Structure formats: C-alpha cells, structure tokens
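K.L.:
okay, predicted coordinates and the sequence, questions at the end:
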Amino acid sequence: MLVEENSMSSGGCLCGSVRYAFEGRPKFTGVCHCAHCQKQSGSAFSVNLGVSEAKLTVMGEVAEYQDTAESGATLFRRFCARCGSPLFSVSSSAPGLVYIKAGTLDDTSTVQPGMHVWTASKQAWVGIEADALQFQQQPSAG
C-alpha cells in the first residue's frame, strides 16, 4: 500500500457501525492462506495490512473471538458486533501490531500485497505470481 508517511487511511464494516482510521503506512501487506483465515473470511485467503496498534483509532462496538493460530500463537479476531464483518486481528506473537482486513478499507486501490504466508494451506486453484515472496508457514519475525 503506497501512502504518505503522515497520511490517514480509514475503513469500516459492512453496516457502518464500526469505523476506524490509522496514520501512516502499513508495516506490510500480505495474503494469508492458513485454514483459519479461510474459514474466518469465507474465502480462499485473507489480505491483511500490518499497522501499529498505537496508530489505530476504532469507533463502534467490536466483538472478539479468541483463536489459536496454526503457529500456536493466540489470535484475537475482532469483528463488528452488529453485522459480523471481520475487521482486525491481534496476535500474541506480534505485540503492538494489528492486522487490518484490507477489504474493509474505504479505498483499496493502493493495496499491493508484498508476501503470501501459509502457502502450504493455500487452495490448489489459487495462483500466486512466480516472483512473489512466499512462505510455506509463518515467517520468523527476525
């Protein structure tokens, strides 16, 4: 996602009950193909932006589901309490980082995934560009 360092991005849920905004560029944008993201999104994968939790402002009622990720980390999946739209995830393995669901952005035109993770679980019919950065599982933080 190509945005200015000090710009604001915004988004929200399907019904409009939850709105959010964050400042600056995402630390990364990636596609997760894990089985849990497939079930949670109701699709073949989830496109996520990694943003500093301190730069995120959320307005509205957000519900939470505690999940155990394939990596073993505790994952808190946050969604609109009214319409159920998945909005964010927070992982115990990445303190201070929030994963925003890219499809909830008001403007998705600049979203450019930089990597694909958990490709070992991807659907066979999903194609990934040959030169794309890919990880069979979760890449190490270091």
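P.N.:
That came through, no problem. This structure is a prediction, so every number in the text was calculated from the model and none was measured.
K.L.:
and the residue nearest the centre of the chain, what does it touch?
P.N.:
What sits nearest the mean C-alpha location of the chain, by CA atoms, centre = their mean, is Asn48, with 2.6 Å. When contacts are counted by CB atoms under 8 Å, 6 or more residues apart in numbering, Asn48 touches Thr29, Gly30, Val31, Cys32, Ser89, Tyr99, Ile100, Lys101, Ala102. Where C-beta positions appear, they are placed from N, C-alpha and C, glycine not excepted.
K.L.:
give me the nearest residue to the fifth one, chain neighbours excluded.
P.N.:
The spatially closest residue to Ser89, leaving aside those adjacent along the chain, is Tyr99, at 4.3 Å (CB to CB, 6 or more residues apart in numbering).
K.L.:
quick revisit: so which of the contacts of Asn48 comes closest to Ala120?
P.N.:
Taking CB to CB as the measure, Ala120 lies nearest Cys32 of the contacts of Asn48, at 11.8 Å.
K.L.:
returning to what we had before: turn the contacts of Asn48 into TSV, including neighbour count and pLDDT.
P.N.:
Output for these, formatted as TSV (neighbours: other CB atoms under 10 Å; pLDDT from 0 to 100):
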residue	neighbour count	pLDDT
Thr29	21	93
Gly30	23	94
Val31	23	95
Cys32	27	94
Ser89	26	95
Tyr99	25	96
Ile100	23	97
Lys101	23	97
Ala102	20	97
